[in-house]
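1. Give me a model of this one.
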Amino acid sequence: SVFCPDVSRQRYVLGDTAMQKMAQSHVFLSGVGGLGVEIGKFGYHLFKQTQALTVHDTKQCTKWDLGTNFFIHEDDIISQRNRAEATLHHIAELNPYVHVAASTVPLDESTDLSFLKQYQCVILTEVSLSLQKKINDFCHAQQPPIKFISADVYGICSRLFCDFGDEFEVLDTTGEEPKEIFISNITQSNPGIVTCLENHPHRLETGQFLTFREVNGMSCLNGSTHQITVVSPYSFSIGNTSDMEPYLHGGIAVQVKTPKMFYFERLEKQLTNPTCLVADFIKPEAPLQIHVAMLALNHFEENFGRMPNIGCHQDAEEMLKIAMSISETLENKPQVNGDLVKWLSRTAQGFLAPLAAAVGGVASQEVLKAVTGKFSPLQQWLYIDMLDIVIPLEKMGSEEFLPRGDRYDALRACIGESLCQKLHDLNVFLVGCGAIGCEMLKNFALLGVGTGQDKGLVTITDPDLIEKSNLNRQFLFRPHHIQKPKSYTAAEATLNINPCLKIDSYINKVCPATENTYSDEFYTRQDVIVTALDNVEARRYIDSRCVANLRPLIDSGTMGTKGHTEVVVPHLTESYNSHRDPPEEEIPFCTLKSFPAAIEHTIQWARDKFESLFSHKPSLFNKFWQTYPSAEEVLQRIKSGESLEGCFHVIKTLSRRPRNWTQCVELARVKFEKYFSHKALQLLHSFPLDTRLKDGSLFWQSPKRPPFPVKFDFNDPLHYDFIVSAAKLFSTVYCVPFTEQTAGNTENLVDLFCTKCMYFIPLNTTHLQVVQTDETARKPDHIPVSSEDERNAIFQLEKSILSNEALQNDLEMKPIAFEKDDDSNGHVDFITAASNLRAKMYNIEPADRFKTKRIAGKIIPAIATATAAVSGLVALELIKVVGGYPADAYKNCFLNLAIPIMVFTETAKVRRTEIRNGISFTIWDRWTIYGKEDFTLLDFINAVREKYGIEPTMVVQGVKMLYVPVMPGHIKRLKLTMQKLVKPSADKKYVDLTVSFAPETDGDEDLPGPPVRYYFVQEDN
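-> Numbering: from 1, shown residues only. Next up, the predicted model:
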């Protein structure tokens, strides 16, 4: 394979075709300032396997660059290095597979542009608008056209423009997996209506194409492709089916991806009539207003030979006049936003690094589209402004924004000295140092978060070690960091960007078990918590801790090209836990065990088999023999009629324990026969192919697929792979030594593979292990053991003891934890072979190792473009949180860079819950009661009534019910002291309780109340 192992998550997003197209790309990037370097660093991520990336710049490094370009350091300024040359080796060291070159020659109106013909894509930043137009005309005129992207960040405004030529074909507009729909009926009509299985909506759109397979009856549909019209969420029409045979049963409709043509106009034409992506539907007019404002800035620079002065009101008025006249020349004559133009003028020399990160992420995704033809390109402008950040700063004097000769001058020009100082003095807790965490730390370093002389600290934690697969999107890590803790390594790398940062690293997980470390006092010391997590459960927990301690929280996440950000501010917004995503659909137990219909089912089955064989059963085995230290003692106890939990399965495992490599192979061979032959024969014995249900319909019809036994064939690579991978894993768990040479010596294995296995003896349906067909049934916790099995256990254990095969070493196994990222351990090999054999048995299309690894390892496809975009947006919201902005300033965002969409929405305002008589509360309210040593539960209830005017009827601590009047014995608890009821640890000063109140009408549910923090003794306050 041409692909390195560390691009796997990117490969899940892009696919092999796109990756190979990228491998032939030659990209030119001009301008390596704060925005250019954000795009340049994706030369590593996006141009993996590209032939070349050229970074071009004519400017020298200055102090200003330290706050905008994370690859420029103090020594670059002292030695007056060119910016392209200073950043070159940093970009190059990210990826040895890319040839990165620097160019420092002038690029201006007199430059001969023919040198650009060698490139497939040209990206411009910090280039004048007139030169942008000239280069765009040149690129557009080439055959094939050179893909052109320009991007700019000035102060509070940013723009991104794309032109990929008159016609640009995209093979896959969304990057989503083609949908597969199981069919329950097709009508004989014009048009024919296809209905999908109950409770399985098709989620298709009119105009899409589908192909059919496995349709019984109307078989002429199989292999044909039809354009569909959506009729309902569960049905669609496909054209005339009236002359076809009647539909009987079964069938799968598979979505067919069709190419789509996109059309682009040159920059010159788009300037007067721009096609813009609307990002904020509350302000649909904003893109055109920013378009006008930024054109006015370009004209101001051309007219005066300089940018507007920082904070200068006179220049702002001049730029407003220019904007008014420009608006008249545009086709739509958009209304000019005076505030936007003035603030752009006053901040234009400044630079918001997080805004560059957000725009750089989107721009990099557009580069990827340009060179691969995958995903829908931006048509043709994206404008983002941060007017929300500066409007509250209106009353600040101009001197607040003026430069002071340090690394924060570019930031100060945008947000003023006071807000810069608040960022420096900030205590922030960052949870997670993965892809988003790395980007976040880079943003913190550029903003100077936690660099104050007396105040300010960045605390980070992550329990994970760095894996090779992390390297292509967690940009603070390098190959020599593999197997080092993420948090310590990320801290060290962040200090390289800004040595003034104060950073404290932990390697603890944030969960109930670590509340001694991350205590209420710890949270109270933090000004804001930022999460960079990959799971909902951890987010919910940290959110609950933030709500309990009244701390702001900013959350974000990505999946492939999709991303989200969410801001939670005490007393202003709802919390993360205020909304619930629908739970992930679980595959029914009976589907996994007996009736798989898709490759995902067989992969999950194989993953479960791995867990059972190599982790769960060995762990139970060890636990049993830790409880009962000798085989003789166990034999004596079961002979005397004692029932020892799990002993039957443990003794069975002991009696079959392989002692050498040959026996490991034999065990694997037995498993092959059991899983891929006997299982099929048993199912067909229980449900013959002609079995019908009570309504007369066939039992074996879609989505149920009849299994067919797989006959073992030594020469079939899939069969061989299963045996060898299973035998290796059995060797590991049973502590049997083997060498790769032994495992690979196939000649000696032929006889073993052909070992006669047990003959199949069908179980009758009266047997305990009946085939489960109920989709709602869950996996049983315990399968009862028969008296015959117990007698057999005694016999087997006696035999093991007599054979000296129940010694101390025999009573230990080595459980294996599934590890997807180590390709040498054979874990994914076993799951791939087992899954594909089961797929073969059920006539399901198999999956390659790559797809199997993604599904079995629950790998979230990741790409650094979305990661950079969301972390930039989070850092922008952080500035607002630090400034104590009002509720309407905050924005949540959802983006999908593949389509592309970017949607900003206002945060959900906090809801107030009425109890009664004018008493109400929000999630941010917390009542407090101070007690004393002999304070009883009755005293607590009375204290709540006296202080808050309402008497609790129920008191709960977490999941423990302290007082529910209807429960037996609870009335007696009223006399017990709170100390006795709650049983606090010695260092615990308080406990958080939940109270509820009697309803106004009998029969209604109790009314909920806010949390009540009960202090065991009066605090000195």
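2. Leaving out chain neighbours, which residue sits closest to residue 173?
-> residue 376 (4.6 Å; Cβ to Cβ, 6 or more residues apart in numbering). In short, each C-beta sits where N, CA and C put it, glycine included.
3. Let me see the contact set for that neighbour.
-> Residues counted as contacts of residue 376 (Cβ atoms under 8 Å, 6 or more residues apart in numbering) are 170, 173, 174, 260, 262, 369, 898, 899, 900.
4. Most neighbours of all the residues you listed, which one?
-> residue 369 (26 neighbours; other Cβ atoms under 10 Å).
5. Assign it to one of the three secondary structure states.
-> With DSSP: H, G, I helix; E, B strand; the rest coil as the basis, residue 369 sits in helix.
6. Wait, it touches residue 375, no?
-> Yes. Contact criterion Cβ atoms under 8 Å: residue 369 and residue 375 qualify, at 5.0 Å.
7. Any chance you could list residues touching both of these two?
-> residue 170.
8. Now the residue nearest to residue 173: which helix or strand?
-> Assigned by DSSP states H and E, residue 376 belongs to no helix or strand.
9. do you know how far it is from residue 259?
-> 12 Å (Cβ to Cβ, to the nearest Å).
10. which residues are common contacts for these two?
-> residue 170.
11. Just give the number of residues close to residue 739.
-> By the criterion of other Cβ under 10 Å, residue 739 has 9 neighbours.
12. same thing with residue 511?
-> Per other Cβ under 10 Å, the neighbour tally for residue 511 reads 13.
13. Relative to residue 539, how far out is it?
-> From residue 511 to residue 539 the distance is 12 Å (Cβ to Cβ).
14. for residue 528, same thing?
-> Taken as Cβ to Cβ, the span from residue 528 to residue 539 is 15 Å.
15. what's the answer for residue 392, then?
-> For residue 392, the distance to residue 539 - Cβ to Cβ - is 29 Å.
16. more neighbours, the two?
-> residue 539 (20 against 15).
17. name the element the more buried one belongs to?
-> Per DSSP H and E, residue 539 falls inside helix 536-548.
18. Point out the other helices and strands that the next helix or strand after that helix packs with.
-> Going down the chain from helix 536-548, the next helix or strand is strand 553-559, by DSSP H and E. Packing contacts for strand 553-559, counted by 3 or more Cβ pairs under 8 Å, 6 or more residues apart in numbering; DSSP states H and E, involve helix 435-447, strand 528-531, helix 536-548, strand 562-568, helix 864-882.
19. List of residues touching strand 553-559?
-> Strand 553-559 is touched from outside by 435-436, 528-534, 539, 542-543, 546, 563-568, 575-576, 860-863, 866-867, 870-871, 873-874, 877-878, 881, with contacts defined as Cβ under 8 Å, 6+ apart.
20. For the closest residue to residue 1016 other than its chain neighbours, give me its contacts.
-> Nearest in space to residue 1016, with sequence neighbours left out and distances taken as Cβ to Cβ, 6+ apart, is residue 931 at 5.8 Å. Contacts of residue 931 were listed using Cβ under 8 Å, 6+ apart, and they are 939, 940, 943, 978, 1014, 1015, 1016, 1017, 1018.
21. Could you report the pLDDT at the residue nearest to residue 173?
-> At residue 376, the predicted lDDT confidence score is 96.
22. any idea how far it lies from residue 261?
-> Taking Cβ to Cβ as the measure, residue 376 and residue 261 are separated by 11 Å.
23. Identify the contacts common to the two.
-> Counting by Cβ under 8 Å, 6+ apart, the contacts common to residue 376 and residue 261 are residue 170.
24. how about residue 617, secondary structure?
-> Quick answer, by three-state DSSP: residue 617 is helix.
25. That one touches residue 653, doesn't it?
-> Yes. Between residue 617 and residue 653 there is a contact under Cβ under 8 Å: 6.5 Å.
26. related to what we said a few turns ago, looking at the contacts of residue 376, which one is closest to residue 288?
-> Distance ranking of the contacts of residue 376 against residue 288, using Cβ to Cβ, places residue 900 first at 18.8 Å.
27. Skipping adjacent residues, who's closest to that closest one in space?
-> Nearest to residue 900 is residue 378, by Cβ to Cβ, 6+ apart, at 5.6 Å.
28. Equivalent analysis for residue 847, please.
-> Using Cβ to Cβ, 6+ apart, the nearest residue to residue 847 is residue 599, at 4.7 Å.
29. Quick one: neighbours of the one you found, just the number.
-> Close neighbours of residue 599, defined as other Cβ under 10 Å, add up to 21.
30. Identify the residues contacting it.
-> Contacts of residue 599 by Cβ under 8 Å, 6+ apart are 835, 839, 844, 845, 846, 847, 851, 855.
31. ok, now how distant is the residue nearest to residue 1016 from residue 979?
-> 9 Å.
32. overlap in contacts of those two?
-> Shared contacts of residue 931 and residue 979, defined by Cβ under 8 Å, 6+ apart, comprise residue 1016.
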